[in-house]
Structure formats: C-alpha cells, structure tokens
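*Asks:* quick one, what's the 3D model for this:
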Amino acid sequence: MDRQPPTRATTPPRTTARDLAAPPSRHRYRAVAGVLAAALAGAVALAGCSSGKSASSVASEAAAAVEKGASAAASAASALASAAGGAGAAIASAEAQASAAVSAASSAVSGIKGGLDAKADVSLGEVTTGSDGKAQVQLTVTNHGQQSYRYVVQLDFTDGSGKVLDATAVTVQDVAAGQSAQATAHSNRDLSGTVKAEVANAVRY
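*Replies:* Model prediction:
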C-alpha cells in the first residue's frame, strides 16, 4: 500500500500595511455607487408609491423645491448685502461730517493770532440733549489773568470710547480779570448713544 504524502495546511496570504494603505479599486467605487444609486431609486419609488405619485413626479417636485430654496437664499443674501452697504455709507457720512466739524473748529482757534493757551481756564458741565434734539453742554470760563480777555474754545463731542462725533467752537466775550462767564456749546447734528464732551483747545486774547 502506497503512502500518501502528508497534506500541508495552506496559510492565507497575509494582509500587509501596504495593502491596507492602497486606495480602493475602481470596481469597489462602482459597487458602492451602484448600491447608493439603488438605495436612492428605492427611496424615490417609495415616496412616489406612498403619495400616489410617480418617481419622476416626486423627483421633479424635489428639484423644484431645491431651486426655490436656493432662489430665496440668494434674495436674502442680496438684501443683507444692500443693508450692509447702506449702513457702511451712513457710517462713512457721519465720519466725514465729524472730520469737517473738527477742521472748522480747529481753524477758528488757530486763526487767533497771538492767542494764549487757556484750556486750564475752561470747565465743562454734563452733556444733555436740547429741545432741538442736538447735544449741548455748558462751559464755564474763569479768567485767571490780570486783565480782561476774550476766549475761543474748541469743544469735541465724543462717544463712550473717546471717538470724536462732532466738534464746535464757542466764543466768550470779554471776561474780566478774576471773573467767570458761561456759554453753551451745541453739536451741529443729532448724536445718539453715549455722548461726552471735552475741551480740545482754547485760547484767550
């Protein structure tokens, strides 16, 4: 009786790190795509059957809804852009007005030839809103000199952070030596929010 050679157990091929890192084959992609397509087709058919409509009708309605939603989103984005543009224009206009007011008030003070610095002679009260809706503040000028002087005061209206919103120049006539006089400064336009006032410059002459 012939002896048969012993049967060797076959070892399955090892999966290496290179095999794991290798990208899936095109066949695998096609298989996954086929499964997804079948699932989508089934979902559409199920929706059509449950509503009594054909799959093509359901798909058409879904596409129309998506298109309608996209159109609404585009309209909303356009409206927001327009609003942002309008707000930006308003801010730019307010900043331009503030810059022009500061320039005019500063020129009124610098135009006094031979004037002496007098910021220490000026004190301010609280900013209030006048009947015309504009900001106003009362200032007091005390002449610490030895003779009568006239005063020109540049006053800046600022917000809570110190940003200049408006500016004006106030003239106080003939304050006798050792005496005080009061005047009221008004903003050139309506100012909203927290408004403060500060003496930017002052001269006596």
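
*Asks:* what segments of this protein are strands?
*Replies:* Secondary structure of the chain (DSSP state E): strands located at 116-117, 122-124, 128-129, 134-142, 149-158, 164-175, 180-190, 196-204.

*Asks:* mind listing what the fifth one pairs with, with the direction of each?
*Replies:* It stands for strand 149-158. Using DSSP bridges, the strands paired with strand 149-158 in its sheet are strand 164-175 (antiparallel), strand 196-204 (antiparallel).

*Asks:* quick one: residues contacting Gly145.
*Replies:* Each residue near Gly145 by CB atoms under 8 Å, 6 or more residues apart in numbering is listed here: 177, 204. All C-beta spots, glycine's among them, are computed from the backbone N, C-alpha and C.

*Asks:* meant to ask about Ile112, not that
*Replies:* Applying CB under 8 Å, 6+ apart, the residues contacting Ile112 are 152, 203, 205.

*Asks:* what's the ChimeraX syntax to select whichever of these are buried?
*Replies:* To isolate the buried ones among these in ChimeraX, judged by 16 or more other CB atoms under 10 Å, type:
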select :152,203
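
*Asks:* got TSV for the contacts of Ile112, with pLDDT and distance to Gln97 too?
*Replies:* Shown next, in TSV, are the contacts of Ile112 (pLDDT from 0 to 100; distance: CB to CB, whole Å):
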residue	pLDDT	distance to Gln97
Val152	98	22
Val203	98	25
Tyr205	97	29
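
*Asks:* can I get the contacts of Ile112 in TSV including distance to Lys119?
*Replies:* Shown next, in TSV, are the contacts of Ile112 (distance: CB to CB, whole Å):
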residue	distance to Lys119
Val152	12
Val203	9
Tyr205	14
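
*Asks:* wait, which of the contacts of Ile112 is closest to Val102?
*Replies:* The closest of the contacts of Ile112 to Val102 turns out to be Val152 (CB to CB; 14.9 Å).

*Asks:* which pLDDT value belongs to Gly88?
*Replies:* With respect to pLDDT, Gly88 has a value of 68.

*Asks:* use 40 as the first number for this chain going forward.
*Replies:* Fine by me, first position is 40 from now on; the one you just mentioned is Gly127.

*Asks:* now Ala147: how far from Ala241?
*Replies:* Distance of Ala147 to Ala241, given as CB to CB, to the nearest Å: 11 Å.

*Asks:* of these two, give the one with the bigger neighbour count.
*Replies:* More crowded of Ala147 and Ala241, by other CB atoms under 10 Å: Ala241, with 24 against 19.

*Asks:* least confident secondary structure element in this protein?
*Replies:* Taking mean pLDDT, DSSP states H and E as the measure, helix 65-90 is the helix or strand of the chain with the lowest mean score, a mean of 40.
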